[in-house]
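>>> prediction below, plus the sequence it came from.
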Amino acid sequence: MGIRVGIVGISGFGGGEALRLIASHPSFDLVYAAGEGSAGSRLVDRFPGVPSTLAELVIQEWNPATLPQLDVLFASLPTGISAEALSCVPKDMKIVDIGGDHRYVDGWAYGLADVWPQQIADQVRVANPGCFPAATLNALAPLLADKLIEPGNIVIDVKTGISGAGRGGANSQFSYADTNENLQPYGLLKHVHMPEIAKTIEKLSGGSAAGLVFTPHLVPMTRGVLATIYCRGGATTDQCFASARRFYAKRPFIRVTERPPQTKWATGSNLAFLSYAADPERNLVIAMSVIDNLGKGAAGQAVQNANLICGLPETAGLDGAPVWP
Ligand SMILES: NC(=O)C1=CN([C@@H]2O[C@H](COP(=O)(O)OP(=O)(O)OC[C@H]3O[C@@H](n4cnc5c(N)ncnc54)[C@H](OP(=O)(O)O)[C@@H]3O)[C@@H](O)[C@H]2O)C=CC1
Ligand SMILES: CC(=O)N[C@@H](CCC(=O)OP(=O)(O)O)C(=O)O
């Protein structure tokens, strides 16, 4: 028998992507789906293309007290509403939380799977990084570990596809008319991802991230995150590439590329594409990273984390090629 998994928040963008990946996972059997407004629907009502073996699974009203026996629960609930309910889940049931309630919370591993898989492997509670931290920290980790950049002087500019905001509620400001042919900066100076980015920079470097600047921009595409990160340091471009290639040697989901990466390279995958450009005379290092916000930024990394905590090959269910174009 396979590993019994459940997804709460399955009707949302993150939960739906987890469903897509788990439906073709070699070891995971989806036996439980839950939500709020979608409760009572069959999966096929919400996802007409779902494999026939899962079509009749009925979405339950989310209630941790009525969970069936599961090995792993994926939680993909809006940030702010999962902490209380997940605290009632039996201690031996593994959880991967895709939402933001447990990042750098005691008892939860921060699931930066490509950087520190060994810190995740023996855990029962894993908090997936946010989509922007997932993109930016992978690019910065080698440079920080090798002390090629100053941790206290990092400026992160990210562009995100609209699915990063979730399906949202009735008052969503993400309609076609609001977002098509439009670019919007938001969250200036106080975006919710800044603390986890700063904490991880400090953990990787041993220095302070006090000068961190982080500005996201909403762009009119469905999926994808592009991070362009400006750092201070005297390294050459070749030193940055060598650092990343060494740091990620044999890591399956990281691609270090000479060409500046593009969001479509990652669509539908758990890959992260990293690149670098540096000018030592100007004390300038530019790091670039591309991911799919629903892949490495959410469900892809969640399945990678679940593989790690279940002792499976890290790539199980995640080796499909990206979608092109
Ligand atoms: N979208 C992305 O790119 C990323 C998202 N995340 C995080 O993942 C989480 C989910 O995001 P996303 O999928 O985009 O959001 P969506 O708005 O698309 O989906 C939210 C899901 O949560 C369910 N839900 C909402 N309220 C409740 C409730 N009270 N009880 C039970 N279920 C509830 C909804 O179910 P129903 O329809 O049944 O009401 C829906 O399935 C969030 O924390 C988000 O910040 C993290 C990284 C990237
Ligand atoms: C476009 C957009 O709105 N994106 C979201 C990021 C999604 C994410 O990673 O959210 P959590 O940290 O809550 O899990 C945002 O900026 O908040």
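Ah, there it is. Ligands and ions are numbered 1, 2, ... in the order given.
>>> now the residue lying farthest from the centre of the chain. Its backbone dihedrals?
Largest separation from the mean C-alpha position in the chain: Glu281, at 34.8 Å (C-alpha atoms, centre = their mean). The phi/psi pair for Glu281 (degrees, to the nearest 10) reads phi -60, psi -30.
>>> next one: Pro185
phi -80, psi 150.
>>> quick one: it and His217 touch, right?
Yes: using C-beta atoms under 8 Å, Pro185 makes contact with His217 at a distance of 5.0 Å. For every residue, glycine as well, the C-beta is placed using N, CA and C.
>>> the two: which is more packed in?
Legend: neighbour count by other C-beta atoms under 10 Å for Pro185 and His217, higher for His217 (14 against 11).
>>> which SS state does that one fall under?
strand (DSSP: H, G, I helix; E, B strand; the rest coil).
>>> which ones are touching it?
With contacts defined as C-beta atoms under 8 Å, 6 or more residues apart in numbering, the neighbours of His217 are Asp157, Val158, Lys159, Thr160, Leu183, Gln184, Pro185, Tyr186.
>>> okay, and which of those map to strands?
Counted as lying in strands by DSSP state E, out of the contacts of His217, are Asp157, Val158, Lys159, Thr160, Gln184, Pro185.
>>> what does the lowest-mean-pLDDT helix or strand in the chain rub up against?
Every helix and strand in the chain was compared by mean pLDDT, DSSP states H and E; the lowest is helix 176-179, with a mean of 91. For helix 176-179, contacts defined as C-beta under 8 Å, 6+ apart pick out Ile162, Leu218, Pro220.
>>> apart from its neighbours in sequence, what residue is nearest Phe273?
For Phe273, ignoring the flanking residues on the chain, the nearest one in space by C-beta to C-beta, 6 or more residues apart in numbering is Pro261 at 3.6 Å.
>>> from Ala135, how far out is the one you found?
The gap separating Pro261 from Ala135 is 10 Å, by C-beta to C-beta, to the nearest Å.
>>> these two: who's more crowded?
More crowded of Pro261 and Ala135, by other C-beta under 10 Å: Ala135, with 32 against 22.
>>> measure that one to Gln304 for me?
Taken as C-beta to C-beta, the span from Ala135 to Gln304 is 15 Å.
>>> Pro261 now?
Pro261 sits at a distance of 19 Å from Gln304 (criterion: C-beta to C-beta).
>>> ditto for Leu73
16 Å.
>>> which one's more surrounded, the two?
With neighbours defined as other C-beta under 10 Å, Leu73 and Gln304 compare such that Gln304 has more, 29 against 23.
>>> contacts only, for the closest residue to ligand 2 within the stretch 1-150 of the chain.
At 3.3 Å from ligand 2, Gly130 is the closest residue in the stretch 1-150 of the chain, using C-beta to the nearest ligand atom. If a contact means C-beta under 8 Å, 6+ apart, then Gly130 has Gly100, Arg103, Val192, His193, Glu196, Gly297 as its contacts.
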